[in-house]
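**Student:** sequence and predicted structure, then a few things I'm wondering about:
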Amino acid sequence: MVPGPEEEEEEEEEEEEEEFPEPFDAKAAEKAVRAWVSAANNCRVMEVDTSACVSRYQRPKEDWPVTVKVLDNRSALARRVHEHEELSGYITDVLTALQPHKFGRAVTTDDFYKRSDSPSIIYATAALNEKDELIGFYVGQKNVYFLRKLSGHYAGGFRLPCARRAFLDARTLVVRPLVVVEARKASLCEALAYTTGIYRARSLGRADDIFFQLAPVGAKVALTSAPALRDIGRLPARHFARLAVSEAKKDPNYVVPISAPTKEARSAAAAARWKKWPAKKREKVVESCVEIKFRAPHAIDAMLSPSLRLLDSLVDFHTGQATEIAEGQGSRSYASEVAESDDEAEEGLC
């Protein structure tokens, strides 16, 4: 659907749309995450530019090189998304299911720097073709810590080939942040959002046309669409997705359990990350450490006082008896006491 002349004129008169900067910058990254949170709270739409992505290849290690910008709700594209009958139906159902799990407080800057306990944003990514028809619907979650590291440029994982073709090659791709949830509820809410969306799609006979992802952790694996199952069948035999699908064939109600990471699991993950580092990088880290060795001293150059001073008393080291110090003696220095003791020793020798 191409906007008419009136819509183009309205777009020119709109407020300047907020676009995320390309180079990483701490302040700009925080601003981008705030834009995501604001979009979730104010029902705003984000347009995604995938021109730098190649759907034939797997997802790069640093994630898809997409560019995301927040649209004004008065823009033509935002109005098209809000007024899209089928897409609005999915978003309304998912939002209704997620309302009881909304984050109970405002997101702060400190949350952007918490790796494990940062709140997550449940989002929906929609792909539209030239006729403005919905050809892809993707549900996911991303915590604000990783959104900050990506400077807000994120639209979804799209790991399977069918998902890459549907979303990265789409004429129009938009992201609709839905709600902010606690970190411990992120997987549960993602599963709830996916289950709600795919059940509605099944009731309309559209599940295999718009869903191209493995059912997330916490949802029934049997709810995975047929195109996704075909791509999962081509994965390596011990791949996580293939193992989950195999279990679902034995038990239609099989759900990949949601588990909190234990201390042992975190240690194992840290060890695995260390092994993946290049050898030169590991040597550099080791060289930067300081080794401290504790050794017994060869000699102690110290001089003992003939009497131990304790507050206003002199304590004989051998007898432990204390004698009061006469007035005016309290200011005697340690050096003078040592000098007197040396004189007495010399007289004894003579």
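**Tutor:** Perfect, I can see it now.

**Student:** residue contacts, residue 135?
**Tutor:** 127, 128, 129, 166, 170, 209, 210 (CB atoms under 8 Å, 6 or more residues apart in numbering). C-beta here means a position set from N, CA and C on the backbone, and glycine is covered the same way.

**Student:** quick one, which of those are buried?
**Tutor:** 127, 128, 166, 170, 209, 210 (16 or more other CB atoms under 10 Å).

**Student:** what's the neighbour count on residue 273?
**Tutor:** 9 (other CB atoms under 10 Å).

**Student:** which element is it on?
**Tutor:** helix 263-276 (DSSP states H and E).

**Student:** check which residues of that helix are buried.
**Tutor:** So for helix 263-276, nothing qualifies as buried (16+ other CB under 10 Å).

**Student:** that one - what's its average pLDDT?
**Tutor:** Averaged across helix 263-276, pLDDT comes to 75.

**Student:** got it, and stretch 192-208?
**Tutor:** On average, stretch 192-208 scores 96.

**Student:** isn't residue 141 right next to residue 187, touching?
**Tutor:** Yes. Counting by CB atoms under 8 Å, residue 187 is a contact partner of residue 141 at 7.4 Å.

**Student:** could I get the contacts of residue 135 as CSV with secondary structure?
**Tutor:** Converted to CSV, the contacts of residue 135 look like this (DSSP: H, G, I helix; E, B strand; the rest coil):
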residue, secondary structure
127, strand
128, strand
129, coil
166, helix
170, coil
209, helix
210, helix
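
**Student:** save those residues as TSV, and put in distance to residue 91 too.
**Tutor:** Shown next, in TSV, are the contacts of residue 135 (distance: CB to CB, whole Å):
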residue	distance to residue 91
127	14
128	14
129	18
166	18
170	17
209	17
210	13
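
**Student:** tell me where the stretch 151-300 of the chain has helices.
**Tutor:** 161-168, 186-203, 207-210, 226-232, 240-250, 263-276, 279-287 (DSSP state H, counting those that start in this stretch).

**Student:** any low-confidence regions in the stretch 151-300 of the chain?
**Tutor:** Within the stretch 151-300 of the chain, the ranges that satisfy pLDDT under 70 run 259-266, 281-300.

**Student:** switch the cut-off to 50
**Tutor:** By pLDDT under 50, the weakly predicted segments of the stretch 151-300 of the chain are 290-294, 299-300.

**Student:** what of the stretch 1-150 of the chain?
**Tutor:** For the stretch 1-150 of the chain (pLDDT under 50), the answer is 1-19, 21.

**Student:** again, only using 80
**Tutor:** 1-24, 116 (pLDDT under 80).

**Student:** which residues in it form strands?
**Tutor:** Secondary structure of the stretch 1-150 of the chain (DSSP state E, counting those that start in this stretch): strands located at 18-19, 46-49, 67-70, 120-128, 134-143.

**Student:** next, format those strands as CSV and append distance to residue 60.
**Tutor:** Shown next, in CSV, are the strands of the stretch 1-150 of the chain (distance: least, CB to CB, whole Å):
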stretch, distance to residue 60
strand 18-19, 22
strand 46-49, 16
strand 67-70, 15
strand 120-128, 18
strand 134-143, 17
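
**Student:** just these: most buried one?
**Tutor:** strand 120-128 (a mean of 24; mean count of other CB atoms under 10 Å).

**Student:** burial measure for residue 100, as a count.
**Tutor:** 8.

**Student:** give me the distance between it and residue 181.
**Tutor:** As judged by CB to CB, to the nearest Å, residue 100 and residue 181 stand 10 Å apart.

**Student:** same check on residue 94?
**Tutor:** 12 Å.

**Student:** where do the contact lists of these two overlap?
**Tutor:** What both residue 94 and residue 181 touch, as defined by CB under 8 Å, 6+ apart, is the set residue 122.

**Student:** starting at the chain centroid, how far to stretch 58-72?
**Tutor:** 16 Å (CA atoms, centre = their mean, to the nearest Å).

**Student:** in it, which residues are buried?
**Tutor:** Under 16+ other CB under 10 Å, the buried positions of stretch 58-72 are 64, 66, 67, 68, 69, 70, 71, 72.

**Student:** end-to-end on it?
**Tutor:** 32 Å (CA to CA, to the nearest Å).

**Student:** which ones are touching residue 41?
**Tutor:** Residue 41 makes contact with residue 180, according to CB under 8 Å, 6+ apart.

**Student:** and residue 236, by the same measure?
**Tutor:** residue 242.

**Student:** could you do the one 3 residues further on as well?
**Tutor:** Neighbour list for residue 239: residue 232 [criterion: CB under 8 Å, 6+ apart].

**Student:** likewise residue 40?
**Tutor:** 121, 123, 177, 178, 179, 180.

**Student:** understood, closing this out.
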